[in-house]
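1. structure of the sequence below:
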Amino acid sequence: MPGLGAAADPSFDRYARMVRRTLDVPVALVSLIEDDRQVFPGAQGLPEPWQSTRETPLTHSFCQYVVTDQRPLVVADARTDGRVSDNLAIPDLGVVAYAGWPVTDHLGQTIGSLCAIDKLPRQWSEYELQGLADLAAACSAEISERVLRRLTDEEAGRTRDLLERSSVLLALSDGLFGSSTLEELAIAIEQVGHDQLGCKRAGIWLRPPDVRDSRHVDVPVLRFQENARSAWPRATIYADMRVDGTNPIGEAFQLRQPLFFATHQDQNDRYAPHLLSHAEEAGGRAFLPLAVEHQVLGTLVLTWQQPRQFTEDDRITMTAMSTYCAQAVQRAMLLEEREQAAITLQNAALSELPEPRGLQLAARYRPAGAWAQVGGDWYDAVVLPSGSTALMIGDVVGHDVDAAAAMTQLRSTLRTLSWALHEPPGRVVALLEEALPSLGMDVLASLVHLRLTPASDHWLAEWTNAGHPAPLVVDADGRAHWLDREHPDVLLGVGTEPRSEQSSELAPGSRVLLYTDGLVERRGEHLDEGLSRLAETAVRHRDLDPDAWLDAIMEDLLDEDPLDDVAVLAVLAEPFGDH
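-> Have a look, this model is predicted:
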């Protein structure tokens, strides 16, 4: 391949560094396959002597399978994978987990891979693989450009344009990789347009399904380096644009073709006077459809303050930029749909609390600030036929739609068993665990099942704890203690061993708080510190009614955007003379 070989190449080393940093792996390579060897123009973390020689025989190559199959190769543990278990890269290079994404030449042929290597077994996430795919696309673009440059022997100006294009696409890949929401994408696009293309403004207009108009993705305030930039005034005025030929945003969408105007006057000559540009963005402008496969999602808009003559390289670069953006927009829209589905599922599972005689109940649920943390926390309360009240709280392992769905199944099953069986909490949870395989529920979860029964002058509390934070009791006189904090059983789903059961008397006026770990756990901090904070604030606010009590506790302990979702359930045992 012209221009590529076994020598170290700073540009391809940069791709390897980005893979190593973003996927947190010890080794990352740009690997190209030749007839009898593989070469590494980009290599980071490779053991010697290969880091220096930048080549190995094919006996040490996983990349050859990517080239042969013309598709990615993803291996969690090469030692147990029949296809590669005898490859010498395992003992000699320390390859155990491997993720390789095709890199292609100017003809679209796979010639190698951009790969991430771990020396331990690893399940590669969809998010990591998509980031690897984005970087591989940028790497392929640079390879194609190098080959074409050598084949056509273009002038120095052409070379400079090609390198600038690679820089734009690499910067865009880097910015989009860390963006998961539409607002984050809009910020990354604006920054790349400003830094790499000299744009005054850059933004996206999207058309949601079943909606007539495209709408601007608003980014109120942007900061580049130390310079603050205000919102885009004209984007605010033209936030909604019809998808038709009356405006360039709609026409680029409708025709699925890019539109370029050297000056604002060129644009205004074509469209209605009400689209006259503002003085600060009166120069060149480009409107590019955001298309993925057969679907157009919206339009990418780039504007400059000065007139701009668009070269062929400009058009190619900006069209490639719109393709990158469209793929990122599609991912972000899918993530938002999944987030909304998880939130809807979560909220549907949080039933209205009953009003048992002698008890005041209150509960709260707060999702995490990040969409990916929506999922497995839940609470429930059921008045049993016997007159007792069952209180339940739990946390299914995982933070996604699957965790939310598993949580709903688990909660519903436990709720039904609690009401139907005249059994103590430990037995109910044991039966739940026995039923999980037959019901097709493969879950791992913590939970507390607490039953409160009125006696002559106190409440009898009986509970079982499957690996969950211990409930907190605050007595009427302000003393706080935990319900068996030191000896919880194992998590639900680990095994079917017998479930232990504890009991205690609660004096009238006592209150109990059940909660999930997001209320007390903080990164880099021992759990005891969070528990101490909880006990302190619970005692301080003990004179409030249960609803206000929970609000005060969560206000004291949680940030505006918590890192984990949080469920809390409170019960106040009323004095017996009050009911």
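2. in this structure Val217 contacts Ile204, no?
-> Yes: under the criterion of Cβ atoms under 8 Å, Val217 makes contact with Ile204 at 5.1 Å. Backbone N, C-alpha and C define where each C-beta goes, glycine included.
3. those two: which is more packed in?
-> More crowded of Val217 and Ile204, by other Cβ atoms under 10 Å: Ile204, with 28 against 21.
4. for the more buried one, which three-state class applies?
-> Ile204 carries the three-state label strand when classified by DSSP: H, G, I helix; E, B strand; the rest coil.
5. distance of it from Cys325?
-> 7 Å (Cβ to Cβ, to the nearest Å).
6. joint contacts of these two?
-> Residues touching both Ile204 and Cys325 (Cβ atoms under 8 Å, 6 or more residues apart in numbering): Leu185, Ile189, Leu290, Leu300.
7. out of the residues you listed, which are inside helices?
-> Secondary structure from DSSP state H places Leu185, Ile189 of the shared contacts of Ile204 and Cys325 in helices.
8. neighbour count added to the shared contacts of Ile204 and Cys325, as JSON lines?
-> Formatted as JSON lines, the shared contacts of Ile204 and Cys325 follow (neighbours: other Cβ atoms under 10 Å):
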{"residue": "Leu185", "neighbour count": "23"}
{"residue": "Ile189", "neighbour count": "29"}
{"residue": "Leu290", "neighbour count": "27"}
{"residue": "Leu300", "neighbour count": "28"}
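9. identify, from the shared contacts of Ile204 and Cys325, the entry nearest to Glu128.
-> Leu185 (18.5 Å; Cβ to Cβ).
10. per-residue pLDDT, that closest one?
-> pLDDT recorded at Leu185 is 81.
11. what does Val217 give?
-> 72.
12. next one: Trp459
-> Looking at Trp459, its pLDDT is 93.
13. may I have the phi/psi pair for the closest residue to it other than its chain neighbours?
-> Once flanking residues are discounted, Trp459 sits nearest to Leu506: 4.2 Å by Cβ to Cβ, 6 or more residues apart in numbering. Leu506 adopts backbone torsions of phi -110, psi 130, taken as degrees, to the nearest 10.
14. what's around Leu506, how many residues?
-> Leu506: 20 neighbours (other Cβ under 10 Å).
15. surely it touches Glu462?
-> No: the criterion here is Cβ under 8 Å, and Leu506 misses it with Glu462 at 10.8 Å.
16. could the shared contacts of Ile204 and Cys325 go into TSV alongside distance to Leu439?
-> Output for the shared contacts of Ile204 and Cys325, formatted as TSV (distance: Cβ to Cβ, whole Å):
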residue	distance to Leu439
Leu185	40
Ile189	46
Leu290	44
Leu300	48
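17. pick the one among the shared contacts of Ile204 and Cys325 closest to Met441.
-> Ranked by distance to Met441 (Cβ to Cβ), the shared contacts of Ile204 and Cys325 are led by Leu185 at 36.5 Å.
18. phi, psi for Val292 please.
-> Torsion angles, degrees, to the nearest 10, at Val292: phi -130, psi 120.
19. look up how far Pro258 lies from it.
-> To Pro258, Val292 is 15 Å away according to Cβ to Cβ.
20. quick one, which of those two is more surrounded?
-> Between Val292 and Pro258, counted using other Cβ under 10 Å, Pro258 has the larger neighbour count: 17 against 14.
21. grab the nearest non-local neighbour of that one.
-> Nearest non-adjacent residue to Pro258 (Cβ to Cβ, 6+ apart): Leu288, at 4.4 Å.
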